[in-house]
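*Asks:* using only what follows, build the 3D model:
(one chain, ligands or ions: 1)
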Amino acid sequence: MIQKAKGTYDVYGEYGKKIKELEKLMNSLMEKYNYEYIRTPHFESSELYHRGVGETTDIVSKETYDFIDRGERNMTLRPEGTAGVVRSYIENKMYGDAINPRKLWYYGPMYRYERPQSGRFREFYQFGVEVFGTENPMMDAEVISIPVNFYKILGLKGIKVNINTLGDKESRDAYRKALLEYFKPHLDDLCEDCKSRYEKNPLRILDCKVDSNKEIMKNAPKIIDYLNDKSKEHFESVKKYLTILGIEYEVNPNLVRGLDYYTHTVFEVEASVEGFGSQNVLCGGGRYDHLVEQVGGPSTPGVGFAMGMERLMTALDFEGINLVEHDHTDCYIIPMEGAVDYSFALLQDLRLNGFSVDIDYMNRKIQNNFKNADRLKAKFVIIIGEDEVKNNILTVKDNHTKEEYKVEVLDIIDFLDEHLEECDCHEE
Ligand code: HAM
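*Replies:* Modelled structure (predicted):
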């Protein structure tokens with residue numbers, strides 16, 4: 001039997017319902033924040049990721065799905081969303097529009113050739129935002145507030161916000177120099193990956209999972225001591241605005257993030273519930289004031305985040321949160337012999353009038369049809385036989401109270417409107 005590719009998964013059943021509910025909430029949250037939806041292609045030229053995300057990052061050096069298309073072009077399935085959105089921002093000259101800041105949001109699959117494990121997939125979904133055109137630290141705080149508020153709306157309790165700053169270019173260069181000097185005599189104590197990070201991007205050594213508990217890591221220089229005044233001021237303001245927004249956070253001086261493009265603020269939100277598992281980072285992001293320029297656009301500051309939907313689903317399950325409230329069918333139609341065509345037309349009519357309706361396609365016996373109505377959590381069952389067709393009067397049964405009504409076909413929409421509202425009241 002042909003099986004799904006390693007690190008991928010199918011969506012159906014309860015998971016499907018829940019993810020659809022999350023998508024609705026995500027849409028409505030982004031309307032409230034006044035963000036504009038953007039969709040970019042799932043594959044881009046490989047060069048974009050080499051330039052945008054960075055050659056030294058794991059996701060580009062080890063994890064991309066690369067292919068050569070039939071026109072001999074080097075293409076890559078997107079490993080993340082930021083680079084593509086930046087490319088689109090530049091290509092569509094959004095920097096020339098009067099809309100400033102440009103606040104964009106996206107949702108879709110990303111691809112990384114990682115070792116699959118719980119919370120880590122090769123095809124996974126991200127919901128993210130990218131904001132262009134402002135250095136204002138209020139925006140850093142707004143961006144951090146989006147996932148935090150989303151988790152709050154969903155009812156997640158065990159979350160923790162970690163923040164840090166990488167400073168501007170000047171501060172970062174000074175810090176880089178300090179790290180090179182500090183780690184030089186300790187190179188033999190570091191893992192092989194860290195040895196190569198030392199050459200290419202020493203900041204990433206701080207992010208190493210293998211070496212994280214070693215004494216040399218704990219005593220490494222801290223960025224906070226290398227920040228120039230401008231960078232310090234920016235970070236202090238971000239913290240102040242987070243406090244104003246009522247967002248609790250912890251400053252983690254070793255948080256550097258796995259991607260090369262960050263400047264100033266970086267942050268991650270983790271599921272801090274015991275037993276959650278090692279892949280507990282629910283989302284991450286930060287500021288990237290040089291990325292637009294790096295990808296070939298005019299100098300434009302940017303800030304954003306992305307959250308993994310699979311880890312969010314796990315966190316919801318872990319905390320026993322069920323989002324699917326409207327898990328019912330308004331009406332289930334049971335056509336008897338001689339009434340199938342009439343019933344099928346009624347199904348169409350009711351659906352076009354906004355009701356969720358289903359019909360028996362299996363020619364079930366009447367008892368089995370009532371069982372099926374229960375399975376679909378139908379609020380009303382409409383039974384249609386030859387008499388009903390002849391008289392244009394429907395037999396409608398309230399599936400909860402079992403009360404039976406005779407309703408003229410012309411009145412069925414009003415009847416359902418009225419009675420479904422009553423049903424919803426009962427539920428509350
Ligand atoms: P990232 O930290 O690489 O950042 O990914 C963001 C989130 O995507 C992670 O926190 C995690 O929840 C989820 N994620 C990443 N890899 C996997 C995987 N293999 N399986 C399941 N979930 C995964 C970015 O992608 C940046 N583009 C975020 C950003 C936007 N920074 C600025 N703007």
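*Asks:* could you show which parts of this structure are in contact with the ligand?
*Replies:* By CB under 6 Å from any ligand atom, the residues of the chain that approach the ligand are 80-82, 112, 114, 120-121, 124, 126, 128, 130, 258-259, 281-286, 304-308, 310-311. Just so you know, the C-beta spots here come from the backbone N, C-alpha and C atoms, and that holds for glycine as well.
*Asks:* so what's the residue count around the residue of the stretch 101-250 of the chain found nearest the ligand?
*Replies:* For the stretch 101-250 of the chain and the ligand, the shortest gap (CB to the nearest ligand atom) falls at Phe124, measuring 3.5 Å. Look at Phe124: counted by other CB atoms under 10 Å, it has 19 neighbours.
*Asks:* same check on Leu316?
*Replies:* Neighbours of Leu316 under the rule other CB under 10 Å: 19.
*Asks:* likewise Arg120?
*Replies:* Per other CB under 10 Å, the neighbour tally for Arg120 reads 17.
*Asks:* ok, now Lys209?
*Replies:* Counted with other CB under 10 Å, residues neighbouring Lys209 total 9.
*Asks:* that one in helix, strand or coil?
*Replies:* Put simply, Lys209 is coil when judged by DSSP: H, G, I helix; E, B strand; the rest coil.
*Asks:* which helix or strand contains the nearest residue to Gly297 once chain neighbours are set aside?
*Replies:* If the residues on either side of it in the chain are set aside, Gly297 comes closest to Ile90, at 3.5 Å by CB to CB, 6 or more residues apart in numbering. Using DSSP states H and E, Ile90 sits in helix 82-91.
*Asks:* what residues of that helix count as buried?
*Replies:* Burial within helix 82-91, assessed by neighbour count using 16 or more other CB atoms under 10 Å, is assigned to Thr82, Ala83, Gly84, Val85, Val86, Arg87, Ser88, Tyr89, Ile90.
*Asks:* can you lay out those as TSV showing distance to Glu270?
*Replies:* Output for those, formatted as TSV (distance: CB to CB, whole Å):
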residue	distance to Glu270
Thr82	20
Ala83	24
Gly84	26
Val85	24
Val86	26
Arg87	30
Ser88	30
Tyr89	29
Ile90	32
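*Asks:* which one of these sits closest to the ligand?
*Replies:* Nearest to the ligand among the buried residues of helix 82-91 is Thr82, at 4.0 Å by CB to the nearest ligand atom.
*Asks:* contacts only, for Phe344.
*Replies:* Going by CB atoms under 8 Å, 6 or more residues apart in numbering, Phe344 touches Pro335, Ile359.
*Asks:* just for the stretch 201-350 of the chain, where's the confidence low?
*Replies:* Counting by pLDDT under 70, the stretch 201-350 of the chain has low-confidence residues at 326.
*Asks:* I figured the residue of the stretch 101-250 of the chain closest to the ligand hits Leu312, correct?
*Replies:* No. Using CB atoms under 8 Å, Phe124 is not in contact with Leu312, being 10.8 Å away.
*Asks:* I figured Val53 was touching Gly81, is that so?
*Replies:* No. Counting by CB under 8 Å, Val53 stays clear of Gly81, with 10.6 Å between them.
*Asks:* sorry, back to before: who touches the helix holding Ile90?
*Replies:* Here helix 82-91 has contacts from 38, 40-41, 44, 48-49, 52-53, 78, 94-95, 102, 104, 106, 128, 130, 132, 259, 261, 288, 291-292, 295-297, 300, 302, 304, 306, using CB under 8 Å, 6+ apart.
*Asks:* show me which positions of the strand or helix carrying the residue of the stretch 101-250 of the chain closest to the ligand end up buried.
*Replies:* For Phe124, the element it lies in under DSSP H and E is strand 123-132. Across strand 123-132, burial judged by 16+ other CB under 10 Å covers Glu123, Phe124, Tyr125, Gln126, Phe127, Gly128, Val129, Glu130, Val131, Phe132.
*Asks:* mind putting these into CSV with pLDDT?
*Replies:* What follows is these, written out as CSV (pLDDT from 0 to 100):
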residue, pLDDT
Glu123, 98
Phe124, 98
Tyr125, 98
Gln126, 98
Phe127, 98
Gly128, 98
Val129, 98
Glu130, 98
Val131, 98
Phe132, 98
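*Asks:* can I have the buried ones of the contacts of helix 82-91 as a ChimeraX selection?
*Replies:* Those of those that count as buried under 16+ other CB under 10 Å are selected in ChimeraX with:
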select :38,40,44,48,49,52,53,78,94,95,102,104,106,128,130,132,259,261,288,291,292,295,297,300,302,304,306
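*Asks:* so which of the contacts of helix 82-91 are in strands?
*Replies:* Among the contacts of helix 82-91, the ones falling in strands (DSSP state E) are Glu44, Arg102, Leu104, Tyr106, Gly128, Glu130, Phe132, Gly302, Gly304, Ala306.
*Asks:* quick check: the farthest pair among the residues you listed?
*Replies:* With CB to CB as the measure, no two of the ones in strands among the contacts of helix 82-91 lie farther apart than Glu44 and Arg102, at 19.5 Å.
*Asks:* I'd assumed Asp260 was in contact with Asn201.
*Replies:* Yes. The pair Asn201 / Asp260 is scored as a contact, 6.5 Å apart, by CB under 8 Å.
*Asks:* tell me, what's touching those two both at once?
*Replies:* Gly54, Thr56.
*Asks:* just say helix, strand or coil for Leu187.
*Replies:* helix.
*Asks:* surely it and Glu199 touch.
*Replies:* No. If you go by CB under 8 Å, Leu187 and Glu199 don't touch, sitting 10.1 Å apart.
*Asks:* the stretch 201-350 of the chain: helices as residue ranges?
*Replies:* Taking DSSP state H, counting those that start in this stretch as the criterion, the stretch 201-350 of the chain carries its helices at 215-218, 229-244, 291-294, 309-318, 340-352.
*Asks:* counting by contacts, list what the third one packs against.
*Replies:* This points to helix 291-294. Using 3 or more CB pairs under 8 Å, 6 or more residues apart in numbering; DSSP states H and E as the contact test, the elements touching helix 291-294 are helix 46-52, helix 82-91.
*Asks:* need those helices in TSV with distance to Ile59 and mean pLDDT, can you?
*Replies:* Shown next, in TSV, are those (distance: least, CB to CB, whole Å; pLDDT from 0 to 100):
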stretch	distance to Ile59	mean pLDDT
helix 46-52	8	91
helix 82-91	10	98
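*Asks:* what average pLDDT does the longest helix seen in the chain get?
*Replies:* Counting residues, the longest helix in the chain under DSSP state H turns out to be helix 13-33. For helix 13-33, the mean pLDDT works out to 95.
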